[in-house]
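Novice: The sequence and its predicted three-dimensional model are supplied below.
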Amino acid sequence: MAYGYTNSKGTTYYLHAKGKMFFFAKEVKEGALDAVPAGYNVVEMKTGMPVLKKAESAATTSTSSNTESAGS
């Protein structure tokens, strides 16, 4: 079963992959994915089209502030 996202306008889009490229289509086609890939979130554009966006890592932001050496 392909991953579906219904936007604010009521249109359902299905997630697909072609190599390393991800895209949404109104119909299930070859390359449909069952879930959102790890590290990505679905975000809706102003036009209503869903897109994948890399998730911001909380570990990256917290470790960058703790990298100063305490022994200097």
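Specialist: Structure received. Residues are numbered from 1 along each chain as shown.
Novice: Can you pull out the low-pLDDT segments for this protein?
Specialist: Scanning the chain for pLDDT under 70 picks out 58-72.
Novice: Determine the longest strand present in it.
Specialist: Counting residues, the longest strand found in the chain (DSSP state E) is strand 12-18.
Novice: That one packs against which elements?
Specialist: Applying 3 or more Cβ pairs under 8 Å, 6 or more residues apart in numbering; DSSP states H and E, one finds that strand 12-18 makes contact with strand 4-6, strand 21-25. Any C-beta I mention is one placed from the backbone N, CA and C, and that applies to glycine too.
Novice: Could you give the number of residues near the closest residue to F23 other than its chain neighbours?
Specialist: Of all residues not flanking F23 in the chain, H16 sits nearest, at 5.5 Å (Cβ to Cβ, 6 or more residues apart in numbering). Per other Cβ atoms under 10 Å, the neighbour tally for H16 reads 19.
Novice: One more: the one 3 residues further on?
Specialist: Neighbour count of G19, defined by other Cβ under 10 Å: 6.
Novice: and the gap between it and G31?
Specialist: Distance from G19 to G31, counting by Cβ to Cβ, to the nearest Å: 9 Å.
Novice: returning to what we had before: any chance of the helices and strands packed on strand 12-18 in TSV, plus distance to P37 and mean neighbour count?
Specialist: As requested, those are exported to TSV (distance: least, Cβ to Cβ, whole Å; neighbours: other Cβ atoms under 10 Å):
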stretch	distance to P37	mean neighbour count
strand 4-6	14	13
strand 21-25	7	14
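Novice: Reformat those as CSV; add distance to A55.
Specialist: Putting the helices and strands packed on strand 12-18 into CSV (distance: least, Cβ to Cβ, whole Å) gives the following:
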stretch, distance to A55
strand 4-6, 16
strand 21-25, 13
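Novice: which stretches of this protein form helices?
Specialist: With DSSP state H, the ranges of helices along the chain come out as 58-65.
Novice: Okay, and the beta partners of the closest residue to K26 other than its chain neighbours?
Specialist: Closest residue in space to K26, ignoring its immediate chain neighbours: Y13 at 6.1 Å, by Cβ to Cβ, 6+ apart. On the basis of DSSP bridges, Y13 is bridged to Y5.
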